[in-house]
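*Asks:* quick one: sequence and predicted model below, then my questions.
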Amino acid sequence: MKILIRDIFFAAFVIIQLAGTDIYAQESAGNSTDTVVVINVDGVCEMCKERIETVAKDKKGVRDAVWDIESKKLKLVYNPLLVTVEKIQCSIADAGHDNDYEKAKDKVYEKLPACCRYREINHPKEKPGENNLNNNAGNTVVTQVVKGVVLEENKQGSFVPLMGASVVWLGTNTGVVTDTAGVFIIKNEKGYGRLVISYTGYEPDTLVVTNAEELKIILASGRQLNEVTVSAKQRSTYLSSLNPIRTQVMTERELFKAACCNLSESFETNPSVDVSYNDAVTGSKQIQLLGLSGNYTQLTVENLPGPRGLATPFGLNFIPGPWVESIQLNKGVGSVVNGYESIAGQINIELKKPATAEKLYLNAYINDMTKTDLNLVLTEKFGKNWSTALLLHDNFQTKKNVDYNDDGFRDMTTGNLFTAVNRWNYNGGKGFESQLGFKILNDDLTGGQTSFDPDKDKFTTRSYGLGINTRRYEVFAKAGYVFPGKKYKSIGLQLSAFDHKQDSYFGMTSYKGRQKNFYANLIYQSIIGTTAHKFRTGMSFLSDNYDELFNSIKYQRQETVPGAFFEYTFTPVEKFNVVAGMRADHNSLFGWFATPRLHIRYEPVTGTTIRLSAGRGQRTANIFAENNSVFVSSRQMNILTASAGKAYGLDPEIAWNKGLSVDQKFKLFKRNANLGLDFFRNDFQQQVIVDLEDARQVKFYNLDGKSYSNSFQAEMNMEPARKLEVRLAYRFFDVKATYGNQLLQKPFTAKHRAFTNLAYEISSWKIDYTFNYNGSKRITNTTANPAIYQRQANSDSYILMNAQVTKTIGKKNPVDLYIGGENLTNFLQGDVIVSADSPFGPYFDASLVWGPVSGRLIYAGFRYKIK
């Protein structure tokens, strides 16, 4: 078919030439002075296409340039009054590409990437003594080539082309990259027998070519096809070397290394993110990134607002792990397109999609505390355009006497969480695609002393207990259009809304909250002249209506933020990118503010990537929702320096983040390895301080002094033996803030952390092991308490170990059986609750948590898929 199409193109051009138009023809192009010309330009791949078109479009007077890989024809639309076709051809030759008018100089040609060496592929030289067996004198004999296509197999078993995959003969610099259809053509020199294929997100591997004829090579999940042995596996976690924003992608394979019942457990094998309990009673967890609490990390679900505001303390529990397709993590400030709130970083969650997820996915989990999780994902297609997915999750814990440290309090809350998502996707096939859906959630938790009975003891001093009921309803929609023939040009609209209600009590303290949210984001994307100059621009609108009742005190506010943004991407060469963005927003409480952000990527040599980032972030603190842990204490709450018309009378939080990272790829043990180093500095210009230094109270006030964080991390990934992946990391934090008039280390944050993850596969077995060393942490001052209720100034350092073994049965519809353990060393923080024997007394405090609050945990489960 491709040969036929190429011949038709060639015949059409011959007809034009015979008609007397030679190499160009006049036609209407939107301007009476424009001329359309078609010329021959040599090239071989997509990189050639981009180079040829960019050079041509850079000439003053050229309105458009389109080069066809198959026919080698370049169509130009230009103004002959401003530029001649000969000058355009000279510029193209200066870039390394032969054409009808001028041949590229050999020195220039030899500097082209190996995949662009069209002379070797289009006109290979005949070697003496080879292929001279034909009796017909004058016959042209060419060296044989290997032609193939590189594909991946999606989750529905269909083959999808991989554009830009690298194909290189082993031990040489001879190579090409695949085009938009995944196709490549590479010269087959004598002695060459092994092709190396690599692609972002996959471990490179070797293809054994068993004969010298034209071969059709298909890369598809380690299968052997057409006399070529193919073996490639996707890395469980990888970095895109081309993205100016350093984004780490955690795939489903990474998430399968642990049970991952919810999002909080999805980071157990990631050294960049810490997950810890907020307190010893509620079971809520928080993440830490760059040494800062999760409040400063923007959490999104498919680039729409995720759990935020009142959902902050339990939001990580609201996203089931088995629903997650992948997680994208970037440290520091993100793109201005996604808003202004990211300070420490952004975590974006991609859920299973109707068009690509398994037809049926079933997961069940149970642990030795009797906590049970059930997950079901169903997808269905309707005709050519519509597809839908139903995601269901239910977890429950009924055993209320789990008390490993014998302090009389339940180590885990009991109750039930049910959540469901129904999403629909429409793909018109002509550039238009849309999706819409809704989510419901109901969560009932009960905690406190093992003797607590909510029907009898609620709001009494007979027994201490807590209850948290959360109801959440969400709707979301997206629509996007890609302009035909202009893949770089698109427009999209994102919409979401939710209604979040929490009704809770903590001993004798009650807290009720409701948040209504609406979000809209309109994005337009195109280029300025050439694809070297890209931009995204648009407008956004965010509205939050808060209604909170703490005991008998009401806190209400309406916060609306309309804004606009512009982001420019400059890519003069493949090894250098700059992304510069600016937002302007107006907050109904705090007025106008600007958000500038800058990202730079530079690749001085192949395999070495350097990135710089800097920018501003701003957010509004929700002091009650973000500090539910202090509700489980006898501390008095005091809001200082309050001003009317602001959120709780406090200023917004503003910070500037700067970052530097270096990623180096290399060979170790004859296999690919990489080393990543990153350093981030965060300086708060304004911050809401949560001061726990007085054991009798918690104070909220605006920062008056310094507050900063320094974060350094070194991470190495390697494969010392076949199918044995090793990840090593070390991290250092220096996080300080001014409490009162003292600059102190941030409490409950370890300066030092060391991390190791081992993943080994053998046949149908997978073994995963994770080691975590956590250094000492500062504990807030308790000297105001009686000696029996005082705690040491710094915690002990400790080690946590997790492991999991997975057995896969079947291939067509595989079943994964897994068993694992967490906190295998059975380490427990001693005396985690201050005054546990007198929970209604003045010294009770369950918020001073620095280590595990429950002991060794053993779990088991299974995953079943129908593709």
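*Replies:* Looks like it came in fine.
*Asks:* quick one: the helices in this protein?
*Replies:* Using DSSP state H, the helices of the chain run over residues 2-16, 46-58, 85-94, 106-110, 118-122, 252-255, 454-457.
*Asks:* weakest of the ones you listed by average pLDDT?
*Replies:* Note on the helices of the chain: lowest mean pLDDT is at helix 2-16, with a mean of 40.
*Asks:* got the buried residues for stretch 502-522?
*Replies:* 502, 504-507, 509-521 (16 or more other C-beta atoms under 10 Å). Every residue, glycine included, has its C-beta placed from N, CA and C.
*Asks:* how about that stretch as CSV, C-alpha atoms only?
*Replies:* The C-alpha coordinates for stretch 502-522 follow below in CSV (Å, rounded to 0.1, in the frame of the first residue of the first chain):
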residue,chain,number,x,y,z
GLN,A,502,-17.8,16.5,56.8
ASP,A,503,-19.7,15.9,60.1
SER,A,504,-17.3,14.9,62.9
TYR,A,505,-16.7,14.9,66.6
PHE,A,506,-13.5,14.4,68.6
GLY,A,507,-14.3,13.6,72.3
MET,A,508,-16.2,16.7,73.4
THR,A,509,-15.1,18.8,70.3
SER,A,510,-17.4,19.0,67.3
TYR,A,511,-16.5,20.1,63.8
LYS,A,512,-18.7,20.4,60.7
GLY,A,513,-17.6,21.7,57.3
ARG,A,514,-19.0,22.0,53.8
GLN,A,515,-17.2,23.1,50.7
LYS,A,516,-18.7,23.8,47.3
ASN,A,517,-16.3,24.1,44.4
PHE,A,518,-16.4,25.0,40.8
TYR,A,519,-13.5,25.0,38.4
ALA,A,520,-13.1,25.8,34.7
ASN,A,521,-10.0,26.0,32.5
LEU,A,522,-9.9,27.0,28.8
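*Asks:* so what's the residue count around Leu640?
*Replies:* Each residue near Leu640 was counted by other C-beta atoms under 10 Å, and the total is 12.
*Asks:* and the nearest residue to Asp499 once chain neighbours are set aside, how far from Ser709?
*Replies:* Spatial nearest neighbour of Asp499, chain neighbours left out: Tyr473 (4.9 Å); criterion: C-beta to C-beta, 6 or more residues apart in numbering. According to C-beta to C-beta, to the nearest Å, Tyr473 and Ser709 sit 36 Å apart.
*Asks:* same deal with Ser633?
*Replies:* Note on Ser633: its distance to Ser709, by C-beta to C-beta, is 26 Å.
*Asks:* neighbour count winner among Tyr473 and Ser709?
*Replies:* Counted by other C-beta under 10 Å, Tyr473 and Ser709 do not tie: Ser709 has more neighbours, with 25 against 14.
*Asks:* who's in contact with the most centrally placed residue in the chain?
*Replies:* Centroid-nearest residue in the chain, with C-alpha atoms, centre = their mean: Gln328, separated by 0.9 Å. Applying C-beta atoms under 8 Å, 6 or more residues apart in numbering to Gln328 gives the contacts 247-250, 346-348, 350.
*Asks:* from those, pick the one nearest Thr174.
*Replies:* Sorting the contacts of Gln328 by how near they are to Thr174, with C-beta to C-beta, puts Val249 at the top with 30.3 Å.
*Asks:* wouldn't the closest one be in contact with Ser326 here?
*Replies:* Yes. The pair Val249 / Ser326 is scored as a contact, 5.9 Å apart, by C-beta atoms under 8 Å.
*Asks:* who has more neighbours, the two?
*Replies:* Remark: of Val249 and Ser326, Val249 carries more neighbours, 21 against 17, as counted by other C-beta under 10 Å.
*Asks:* report the separation between the more buried one and Glu325.
*Replies:* Val249 is 11 Å from Glu325, where distance means C-beta to C-beta.
*Asks:* then Ser236?
*Replies:* Distance from Ser236 to Glu325, counting by C-beta to C-beta: 13 Å.
*Asks:* can you check Pro852 too?
*Replies:* Separation of Pro852 from Glu325 (C-beta to C-beta): 30 Å.
*Asks:* isn't Ile779 right next to Pro747, touching?
*Replies:* Yes. Counting by C-beta under 8 Å, Ile779 touches Pro747, with 6.3 Å between them.
*Asks:* those two: who's more crowded?
*Replies:* Between Ile779 and Pro747, counting by other C-beta under 10 Å, Pro747 is the more crowded of the two (20 against 17).
*Asks:* tell me the pLDDT at the more buried one?
*Replies:* So Pro747 comes in at 95 (pLDDT).
*Asks:* my guess is it contacts Asn781. True?
*Replies:* No. Using C-beta under 8 Å, Pro747 makes no contact with Asn781, being 9.2 Å away.
*Asks:* report the set of residues contacting both of these two.
*Replies:* Common neighbours of Pro747 and Asn781, counting by C-beta under 8 Å, 6+ apart, are absent.
*Asks:* Val832 against Val853, yeah?
*Replies:* Yes. With contact defined as C-beta under 8 Å, Val832 counts as touching Val853 (5.4 Å).
*Asks:* between those two, point out the one with more neighbours.
*Replies:* Of the pair Val832 and Val853, Val832 is the one with more neighbours under other C-beta under 10 Å, namely 26 against 23.
*Asks:* quick one: contacts for that one?
*Replies:* With contacts defined as C-beta under 8 Å, 6+ apart, the neighbours of Val832 are 280, 405, 407, 846, 848-849, 851, 853.
*Asks:* switch to 6 Å and redo it
*Replies:* Contacts for Val832 (C-beta atoms under 6 Å, 6 or more residues apart in numbering) come out as 280, 853.
*Asks:* what are the phi and psi angles of it?
*Replies:* phi -70, psi -30 (degrees, to the nearest 10).
*Asks:* repeat for Ala793
*Replies:* Dihedral angles of Ala793 (phi, psi; degrees, to the nearest 10) stand at phi -70, psi -30.
*Asks:* okay, it: pLDDT?
*Replies:* pLDDT, Ala793: 93.
*Asks:* so what's it closest to, chain neighbours aside?
*Replies:* Nearest one to Ala793, counting by C-beta to C-beta, 6+ apart, is Ile779 at 6.2 Å.
*Asks:* go on, Leu522?
*Replies:* Distances taken as C-beta to C-beta, 6+ apart place Gly538 nearest to Leu522, at 4.6 Å, with adjacent residues excluded.
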